[in-house]
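1. Coordinates for the following, if possible.
(4 chains)
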2 protein chains.
Amino acid sequence: MTALHSPFARKLGAFVALSNIEFDVLERLHSRRHVFPAGRDIMHEGQVNQSAYILASGWVCSYKLLPGGTRQIVDFQIPGDFLGLRSVLFRTADHNIEPVTRIEASEVLANDLINAFSTTPRLAAAVLWAASRDEAMVVEHLVGIGRRDAKGRMAHFLLEMGARLKLVGLATREGYACPLSQYMLADALGLSAVHVNRVLRELREDGLVTFQQGQVTFDDFDGLVTVAEFDRHYLDHEGPLMK
Amino acid sequence: MTALHSPFARKLGAFVALSNIEFDVLERLHSRRHVFPAGRDIMHEGQVNQSAYILASGWVCSYKLLPGGTRQIVDFQIPGDFLGLRSVLFRTADHNIEPVTRIEASEVLANDLINAFSTTPRLAAAVLWAASRDEAMVVEHLVGIGRRDAKGRMAHFLLEMGARLKLVGLATREGYACPLSQYMLADALGLSAVHVNRVLRELREDGLVTFQQGQVTFDDFDGLVTVAEFDRHYLDHEGPLMK
DNA sequence: ATGCTTAACTGATCTAGATCAGTCTGCTGC
DNA sequence: GCAGCAGACTGATCTAGATCAGTTAAGCAT
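-> Got it, this is the predicted structure:
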């Protein structure tokens, strides 16, 4: 797999004009490829000197545990996404990362990253851009949990994952494969699993989306966009600094 | 005011070892000083080619508007914080920024920033670090709204602002001046203003905190930490990349 | 001095979503 | 062939927090 074809380079390249030199540096960042099984955390809050990864295949979730035993899933990562970048910058991990499926991920060494910044400052800006995009998604998630009701939250979530997956060729306007259980959806959306079940049924009965057997199917895309108050364009940011 | 004394340089310098050259570059970033009155937005979602600022004095809030007319405040910024960094990277603003008080802020030009990255890659890493710290705060906010009840949310929020203000010398263990109205707290915490009022009263009656007349007073700091399930250390990240 | 506005505050009522307590499937292991 | 278990699903009940409809007090403008 060349840098030009990895989901990560594809995602960055879609938004910022990187030269061949920068693609080469990018490629050399992927030092070692690892495979992790589903369900066993690959990063724990408080762990130090953890390395970062770029996800090549599979889904993972980043979450935080609360003393009460509940957890809040902050975000899901799909192929092409960074895993644990913040944990590297802070030297100690501030969240947990659990593979939702079996995953393949390339390790990114902290030193390689900082050296790459010296070689090509443009890449630094590109990574900053990628980090900001992650932050924008967390912000959107925050807004959803704070001010949307359960139905809107679910609708918005399913659309957002669709939009993100489409960028890496894993979704169409029709739908996508989604390996998440209703329990995970509950932990992500700040709902109970029971209520997730009801909301999914309601959305299905309204003829908007069907989520069954690991498959999300958009039955009425535009209708769903309406109930979700989804801004189709918020993921299509361009990187002005690298033009 | 020299770079060594600006809240921004102070904050960065507290965590990453920057050389004099880097401090100089930092200082030159503050190009023009502006004053904005309270209440009138200085940045609107969708606005293009907006510049970023570094806040020198006063408080601002970053928020998103929902079609229903409600809003969600994503975060408050205090002296030393970046304003609208994401909006520069994306070229178009993805949120609104409203000064809570009269503020002073230094404009940071996008080109200066990218040029600074070329001169001193360390500074790029430092800015990436600062952006990641912002993201960590949004994550913590998300967790609070998703999984904490109203009392815990409020307690956590008041403690977090205290911790942040202490870093720039604007708070002590006793308390701090806080210019936020109960309406703003409601928009930040995903509650109604009515409920904010009740929760503040309960916390006061429990002898934990008093928030009255623009002043937050910690009546029982440790007790408050307990009900908030506050992790005192989550703001104390060191930047390993610049050691 | 008398409105006008903005924020703090309160009681009464309502409701979205939690919690409790299950059932029903389809696996995996033995 | 059946126990054990996870995930999807459901009805009944409960509650945290929203919503509605106010009052009170502090500026500040005319």
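
2. same question for stretch A:192-201, mean pLDDT?
-> Across stretch A:192-201, the average pLDDT comes to 97.

3. Can you tell me what sits against that stretch?
-> Applying CB atoms under 8 Å, 6 or more residues apart in numbering or on different chains, the external contacts of stretch A:192-201 come out as A:150, A:151, A:154, A:182, A:183, A:185, A:186, A:189, A:191, A:211. C-beta coordinates here come from the backbone N, C-alpha and C atoms, glycine included.

4. The first one - how many residues pack around it?
-> This means residue A:150. By other CB atoms under 10 Å in any protein chain shown, 16 other residues sit near residue A:150.

5. residue contacts, it?
-> Applying CB under 8 Å, 6+ apart, we find residue A:150 in contact with A:189, A:191, A:195, A:199.

6. Kindly provide the distance from the residue most central in space within chain A to residue A:215.
-> With distances taken as CA atoms, centre = their mean, the residue of chain A nearest its centroid is residue A:77 (2.9 Å). According to CB to CB, to the nearest Å, residue A:77 and residue A:215 sit 20 Å apart.

7. So what's the residue count around whichever residue of chain A sits closest to DNA strand C?
-> Nearest residue of chain A to DNA strand C (CB to the nearest atom of the strand) works out as residue A:195 at 3.0 Å. A count of nearby residues for residue A:195, using other CB under 10 Å, gives 15.

8. That one belongs to a helix, doesn't it?
-> Yes - assessed with DSSP: H, G, I helix; E, B strand; the rest coil, residue A:195 lies in a helix.

9. Start and end of stretch A:162-179, how far apart?
-> End-to-end distance of stretch A:162-179: 13 Å, with CA to CA, to the nearest Å as the criterion.

10. That stretch: which residues count as buried?
-> By neighbour count on 16 or more other CB atoms under 10 Å in any protein chain shown, the buried set for stretch A:162-179 is A:162, A:163, A:164, A:165, A:167, A:168, A:170, A:171, A:175, A:176, A:178.

11. Those in helices, which ones?
-> Among the buried residues of stretch A:162-179, the members falling in helices (DSSP state H) are A:162, A:163, A:164, A:165, A:167.

12. Would stretch A:63-78 count as contacting DNA strand D?
-> No - judged by CB under 7 Å from any atom of the strand, stretch A:63-78 stays clear of DNA strand D, getting no closer than 12.9 Å.

13. is chain B contacted by that stretch?
-> Yes - Stretch A:63-78 is in contact with chain B by CB under 8 Å from any CB of the partner chain, via A:64, A:66, A:67, A:68, A:70, A:71, A:72, A:74.

14. show me the contacts for the last one.
-> For residue A:74, the set of contacting residues under the criterion of CB under 8 Å, 6+ apart consists of A:62, A:63, A:64, A:95, A:138, A:141, B:139, B:142, B:143.

15. check contacts around the fifth one.
-> Translated: residue A:138. A:74, A:75, B:135, B:138, B:139, B:142.

16. Among these, which one lies nearest to residue B:103?
-> Residue B:103 lies nearest to residue B:138 out of the contacts of residue A:138, by CB to CB, at 20.8 Å.

17. and the angle from the host helix or strand of that closest one to helix A:121-147?
-> Using DSSP states H and E, residue B:138 falls within helix B:121-147. Put simply, helix B:121-147 runs at 10 degrees to helix A:121-147, going by axes from the mean of the first three to the mean of the last three CA atoms, to 10 degrees.

18. before we move on, the earlier item: could you save the ones in helices among the buried residues of stretch A:162-179 as a markdown table and add columns showing pLDDT?
-> Formatted as a markdown table, these follow (pLDDT from 0 to 100):
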| residue | pLDDT |
| --- | --- |
| A:162 | 95 |
| A:163 | 93 |
| A:164 | 93 |
| A:165 | 94 |
| A:167 | 86 |
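
19. Contact partners for the closest residue to DNA strand D within chain A?
-> Closest residue of chain A to DNA strand D, CB to the nearest atom of the strand: residue A:182 (3.2 Å). By CB under 8 Å, 6+ apart, the contact set of residue A:182 is A:193, A:196, A:197, A:200.

20. so what's the first one closest to, chain neighbours aside?
-> This points to residue A:193. Nearest residue to residue A:193 in three dimensions, chain neighbours excluded: residue A:186, at 4.3 Å (CB to CB, 6 or more residues apart in numbering or on different chains).

21. Let me know the helix or strand that the one you found is in.
-> Going by DSSP H and E, residue A:186 is in helix A:182-189.

22. mean confidence score for that helix?
-> 97.

23. low-confidence ranges in chain A?
-> A:1-5, A:10, A:12-18, A:232-243 (pLDDT under 70).

24. Show me the helices in it, by range?
-> Shown for chain A, the helices assigned by DSSP H span residues A:7-15, A:20-29, A:85-89, A:110-119, A:121-147, A:150-167, A:182-189, A:193-205, A:221-228.

25. And residue A:227, how far from residue A:209?
-> Remark: distance between residue A:227 and residue A:209 (CB to CB) = 10 Å.

26. Name the residues contacting each of the two.
-> residue A:155.

27. The nearest residue to residue A:34 once chain neighbours are set aside: what's it in contact with?
-> Closest residue in space to residue A:34, ignoring its immediate chain neighbours: residue A:105 at 5.5 Å, by CB to CB, 6+ apart. Residue A:105 sits next to A:33, A:34, A:36, A:53, A:54, A:55, A:56, A:83 when contact means CB under 8 Å, 6+ apart.

28. Tell me the spacing between the closest residue in space to residue A:176 that isn't next to it in sequence and residue A:158.
-> Spatial nearest neighbour of residue A:176, excluding adjacent residues (CB to CB, 6+ apart): residue A:165 at 5.0 Å. As for residue A:165, its distance to residue A:158 is 11 Å (criterion: CB to CB).

29. For the residue lying closest to residue A:223 once chain neighbours are set aside, what are phi and psi?
-> Using CB to CB, 6+ apart and skipping residues adjacent in sequence, the residue nearest residue A:223 is residue A:208, 5.2 Å away. When read as degrees, to the nearest 10, the backbone of residue A:208 gives phi -100, psi -60.

30. Look up how far residue A:199 lies from residue A:208.
-> Applying CB to CB, the value for residue A:208 to residue A:199 is 11 Å.

31. now residue A:192
-> According to CB to CB, residue A:192 stands 10 Å off from residue A:199.

32. So which of the two has more stuff around it?
-> A count of neighbours by other CB under 10 Å puts residue A:199 above the other of residue A:192 and residue A:199, at 22 against 14.

33. The more buried one and chain B, how far apart?
-> 16 Å (CB to the nearest CB, to the nearest Å).

34. now residue A:203
-> 19 Å.

35. Residue A:222 too?
-> Between residue A:222 and chain B the computed distance is 15 Å (CB to the nearest CB).

36. who's in contact with residue A:161?
-> By CB under 8 Å, 6+ apart, the residues touching residue A:161 are A:76, A:78, A:171, A:176, A:178, A:216.

37. what's near enough to touch the fourth one?
-> With contacts defined as CB under 8 Å, 6+ apart, the neighbours of residue A:176 are A:161, A:162, A:165, A:170, A:215, A:216.
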